[in-house]
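> predicted structure and sequence below. I'll ask about it afterward.
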Amino acid sequence: MFSSEPVLTLDHADIYQGQKLVLGDVSFQIDKGDFVYLIGRTGSGKSSLLKTLYADLWLQNGKGHIAGVALDKIKPRDVPFLRRKIGIVFQDFQLFFDRNVEENLKFVLKATGWTDKNKMNTRMADVLMQVGLGTAQKKMPHQLSGGEQQRVVIARAMLNEPLILLADEPTGNLDPAVSDQIMKVFQAINNAGTAILMATHNYDLLNKYPARVLRCQDGQVVELKG
Ligand SMILES: Nc1ncnc2c1ncn2[C@@H]1O[C@H](COP(=O)(O)OP(=O)(O)OP(=O)(O)O)[C@@H](O)[C@H]1O
């Protein structure tokens, strides 16, 4: 899809957890190929913001668009369609531990409507190559290191060629050297055109890989000027 539209726009959006307003009057946009960090103290609302973007929390006030989907108008039946257009990477790896890498990826492909075996095999090989795990197809998750498991999670998020990847503390459980490898994978994905919004507490990464920074603070989202 060619489009010069922003990949993500929030316009006077309020982010709620239940009745509680977590972030108010949030406005920003992310364009194709942007890399944006989301920072802020524990409890400042980073995860709540990301959850709103993948429609785990409803956007009640204001407007929001992500990957062509209107978050303020989305219906529960549209959520699977939205999740196909964005990639999501959580801190907890959430792989099926009783299935090998290929089976983990195939599960997502089938769930998102893929049926052609050859196309599925090609796509799985492509995304594993993209994250530097070209030979890991038959490995069980427990045979992989934490960093390798996280790379499988990133590969899984890339299966449907998302316009944007939402990552919540993707290096949270990993040591600095492994976090660095994960960042290099994100950089390569970003350089190939996928926008990335990444919540992190890891300020070393911000220094080492400078990019736009949004901060959740005092119930607001502010853009830090570089
Ligand atoms: N499931 C929930 N139900 C009710 N309130 C919640 C829920 N999850 C989070 N909150 C509240 O919403 C606020 C924002 O939490 P959130 O998890 O978005 O912050 P965060 O910046 O991601 O924190 P962390 O850095 O610790 O992950 C906090 O006050 C938190 O207590």
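Now that the structure is in, tell me what you want to look at. A quick note: this is a predicted structure, and the numbers were derived from the prediction, not measured.

> could you pull out the strands for the chain?
Assigned by DSSP state E, the strands in the chain fall at 8-17, 20-30, 35-39, 61-66, 69-70, 86-89, 164-168, 195-199, 212-217, 220-224.

> low-confidence bits of this structure, can you list those?
Counting by pLDDT under 70, the chain shows low-confidence ranges at 1-3, 91-93, 226.

> residues contacting V108?
156, 159 (Cβ atoms under 8 Å, 6 or more residues apart in numbering). All C-beta spots, glycine's among them, are computed from the backbone N, C-alpha and C.

> now the strands of the chain as a markdown table including distance to L133?
As requested, the strands of the chain are exported to a markdown table (distance: least, Cβ to Cβ, whole Å):
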| stretch | distance to L133 |
| --- | --- |
| strand 8-17 | 28 |
| strand 20-30 | 27 |
| strand 35-39 | 22 |
| strand 61-66 | 28 |
| strand 69-70 | 30 |
| strand 86-89 | 15 |
| strand 164-168 | 17 |
| strand 195-199 | 19 |
| strand 212-217 | 28 |
| strand 220-224 | 34 |
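
> so can I have JSON lines of these showing distance to N121 and mean neighbour count?
Shown next, in JSON lines, are these (distance: least, Cβ to Cβ, whole Å; neighbours: other Cβ atoms under 10 Å):
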{"stretch": "strand 8-17", "distance to N121": "32", "mean neighbour count": "20"}
{"stretch": "strand 20-30", "distance to N121": "32", "mean neighbour count": "18"}
{"stretch": "strand 35-39", "distance to N121": "30", "mean neighbour count": "21"}
{"stretch": "strand 61-66", "distance to N121": "30", "mean neighbour count": "19"}
{"stretch": "strand 69-70", "distance to N121": "29", "mean neighbour count": "16"}
{"stretch": "strand 86-89", "distance to N121": "20", "mean neighbour count": "23"}
{"stretch": "strand 164-168", "distance to N121": "23", "mean neighbour count": "23"}
{"stretch": "strand 195-199", "distance to N121": "27", "mean neighbour count": "25"}
{"stretch": "strand 212-217", "distance to N121": "37", "mean neighbour count": "18"}
{"stretch": "strand 220-224", "distance to N121": "41", "mean neighbour count": "15"}
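
> alongside the ligand, which residues does the protein contribute?
Proximity of the chain to the ligand (Cβ under 6 Å from any ligand atom) is limited to residues 17-18, 20, 22, 40, 42-48, 216.

> between which two of these is the distance greatest?
The distance between the two most remote of these (Cβ to Cβ) is 19.7 Å, for G18 and G40.

> more crowded one of those two?
Using other Cβ atoms under 10 Å as the criterion, G18 and G40 rank with G40 on top: 21 against 7.

> gap between the residue positioned nearest the centre of the chain and D175?
By Cα atoms, centre = their mean, the mean C-alpha position of the chain lies nearest to L166, the distance being 2.0 Å. L166 is 23 Å from D175, where distance means Cβ to Cβ, to the nearest Å.
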